[in-house]
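>>> heads up, no residue letters with this:
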């Protein structure tokens, strides 16, 4: 009874963990505990003898050996999102009811984007559908999943956080609650929730609604440490951080990162656009994210993201793109439009895909190429989106992998922005150059298509 847990062998040691922590609840021997690794991510650590039952890996979203019934998001969605006459399907989006774009008139100002997540959550409570919401909340200068009851302030859990969190022990608490629960999470976390519900009927009964936040990749806590220093705050205790300080007089992408330190009560900020591309480059990103093909939260009742398309991107207040996948979710949006609580309208599926074009290109179109590049044996089964890749795109994929790894190792060695920027300058410059060449060639080809 002293073996190594399967999730350690096949997930953690292969750098395929995103830190959801669901495995800790399904470890029969209670031999797992979430803790930080040396690259700033939360991962399970062995703390006791293992029964080697492999229950832990059965709920892992990156399990390389899943049962056929839950092999990929396609099979899992068939179990939890049964189709009816109003169900549509798109190869990139999955099963869905409708796609929308817009914002909540009441909650837009206090949210990172359009405030739809807060609106939907409060509607679920007001209609008596749920008694609790499981969401991320700031706890001191860190962030953690909390269970918020209908009597508590749901608004305090709004806003985006780019800091590692875990659902460790949350499902154990959910199982003991009297009432129904909704959970908010990124796609891989919600996949783990669905796998847990597949294993445990009590969780299937308790968790009645899920909200997916469309994700550009999970960041190490190094990302936050880097941003804090960029605001000018160094060697000081942090009281509060904000990842999306909106500029209502500018555009949606022109937001700032802000921090309040113990030495100053004022919010010190830095414009994110002045730091370069922190997302497309792969800086501080979790390795497992490069083996995820679920861009739009295919397993949730409703999926929400940023509307990165015109004219919506020109509004500093932010707009959500919305994908409804259950009848309940669709009715909440439709009723909100009718009652004028939501400034939301239908969005063609093609426009939704365009709003997340970068993610679809990277996560789906280039996935099979990254899998070929990987030295990891027994990767999780993935749906392959066959796509011809130019030499430039292939080079970008290789360089993003290099940039991701180098950023983590560099910050680990010396947590200093000047040192980091100097060490990363050359690799980022090369990546920008290849990306510009690719964009230029793609633009030429698109213009030629319009002509001919």
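That came through, no problem. Everything quoted here is computed from the prediction, not taken from an experiment. Residues are numbered from 1 along each chain as shown.

>>> For the stretch 51-200 of the chain, which residues score under the pLDDT cut-off?
140-141, 151, 153, 155-158 (pLDDT under 70).

>>> Show me the strands in it, by range?
88-90, 94-96, 98-104, 132-139, 142-149, 181-185 (DSSP state E, counting those that start in this stretch).

>>> Buried ones in stretch 24-40, by neighbour count?
24, 25, 26, 27, 29, 31, 32, 34, 37, 39, 40 (16 or more other CB atoms under 10 Å). In this view, the C-beta of every residue, glycine as well, is placed from N, C-alpha and C.

>>> model confidence over the helix ranked longest in the chain, on average?
Ranked by number of residues, the top helix in the chain under DSSP state H is helix 417-451. Averaging pLDDT along helix 417-451 gives 91.

>>> rewinding a little: between the strands of the stretch 51-200 of the chain, which one is closest to residue 163.
Of all the strands of the stretch 51-200 of the chain, it is strand 142-149 that lies closest to residue 163, at 4.7 Å by CB to CB.

>>> other SSEs contacting that closest one?
Under the contact criterion of 3 or more CB pairs under 8 Å, 6 or more residues apart in numbering; DSSP states H and E, strand 142-149 touches strand 132-139, helix 170-175.

>>> Tell me which of those sits most buried.
Mean neighbour count (mean count of other CB atoms under 10 Å) peaks for strand 132-139 among the helices and strands packed on strand 142-149, with a mean of 21.

>>> So which other helices or strands are in contact with it?
helix 116-126, strand 142-149, helix 170-175, strand 181-185.

>>> Could you list the paired strands of that strand along with their orientation?
Taking DSSP bridges as the criterion, strand 132-139 sits next to strand 142-149 (antiparallel), strand 181-185 (parallel) in its sheet.

>>> what about the helices in the stretch 251-400 of the chain?
Taking DSSP state H, counting those that start in this stretch, the helices of the stretch 251-400 of the chain run over residues 327-338, 349-355, 357-359, 367-373, 391-413.

>>> Residue 338: which of the helices and strands packed on strand 142-149 is closest?
strand 132-139 (23.9 Å).

>>> among the strands of the stretch 51-200 of the chain, which is nearest residue 311?
Using CB to CB, the nearest of the strands of the stretch 51-200 of the chain to residue 311 is strand 98-104, at 10.1 Å.

>>> What is that closest one packed up against?
Using 3+ CB pairs under 8 Å, 6+ apart, strand 98-104 is in contact with helix 116-126, strand 320-324, helix 327-338, strand 342-346, helix 349-355.

>>> of all the ones you listed, which gets the most neighbours per residue?
strand 320-324 (a mean of 27).

>>> Among the buried residues of stretch 24-40, which pair sits farthest apart?
29 and 40 (27.7 Å).

>>> Quick check: of the buried residues of stretch 24-40, which lies closest to residue 397?
Nearest to residue 397 out of the buried residues of stretch 24-40 is residue 39 (CB to CB; 20.7 Å).

>>> quick one: the closest one from residue 213, how far?
23 Å (CB to CB, to the nearest Å).

>>> same deal with residue 338?
25 Å.

>>> likewise residue 361?
Between residue 361 and residue 213 the computed distance is 20 Å (CB to CB).

>>> which of these two has more neighbours?
Legend: neighbour count by other CB atoms under 10 Å for residue 361 and residue 213, higher for residue 213 (23 against 17).

>>> what's the nearest residue to the more buried one if we skip its chain neighbours?
residue 186 (5.6 Å; CB to CB, 6 or more residues apart in numbering).

>>> shouldn't that neighbour be in contact with residue 219?
No - using CB atoms under 8 Å, residue 186 and residue 219 do not qualify as a contacting pair, with a distance of 11.1 Å.

>>> In contact with residue 134: list those residues for me.
Residues in contact with residue 134 (CB atoms under 8 Å, 6 or more residues apart in numbering) are 145, 146, 147, 148, 167, 170, 174, 181, 182, 183, 184.

>>> pLDDT score for the closest residue in space to the fifth one that isn't next to it in sequence?
Right, the one you point to is residue 167. Excluding its sequence neighbours, the residue lying closest to residue 167 (CB to CB, 6+ apart) is residue 21, at 4.7 Å. Note on residue 21: pLDDT of 98.

>>> what's the distance between residue 21 and residue 44?
7 Å.

>>> go on, residue 367?
Distance, residue 367 to residue 44, by CB to CB: 25 Å.

>>> Who has more neighbours out of those two?
The residue with more neighbours, out of residue 367 and residue 44, is residue 44; 28 against 20, by other CB under 10 Å.

>>> so which strand or helix has that one?
Using DSSP states H and E, residue 44 sits within strand 42-46.

>>> Run through who's touching that strand.
Counting by CB under 8 Å, 6+ apart, strand 42-46 makes contact with 4-5, 7-8, 12, 17, 19, 21, 23-24, 31-37, 56, 164-166, all of which sit outside it.

>>> Restricted to helices, list those residues.
7, 23, 24, 56.

>>> who's in contact with the third one?
It stands for residue 24. 32, 33, 34, 44, 56, 168, 169.

>>> if we can go back for a sec, so for residue 232, which of the helices of the stretch 251-400 of the chain sits nearest?
helix 391-413 (17.9 Å).

>>> Buried residues in that closest one, which are they?
392-393, 395-397, 399-401, 403-404, 406-408, 410-411.

>>> and which of the residues you listed is nearest residue 240?
Looking across the buried residues of helix 391-413 and measuring by CB to CB, the closest to residue 240 is residue 411, at 22.0 Å.

>>> ok, the nearest residue to the closest one once chain neighbours are set aside - contacts?
Closest residue in space to residue 411, ignoring its immediate chain neighbours: residue 222 at 4.4 Å, by CB to CB, 6+ apart. Residues counted as contacts of residue 222 (CB under 8 Å, 6+ apart) are 39, 40, 284, 407, 408, 411, 412, 415.
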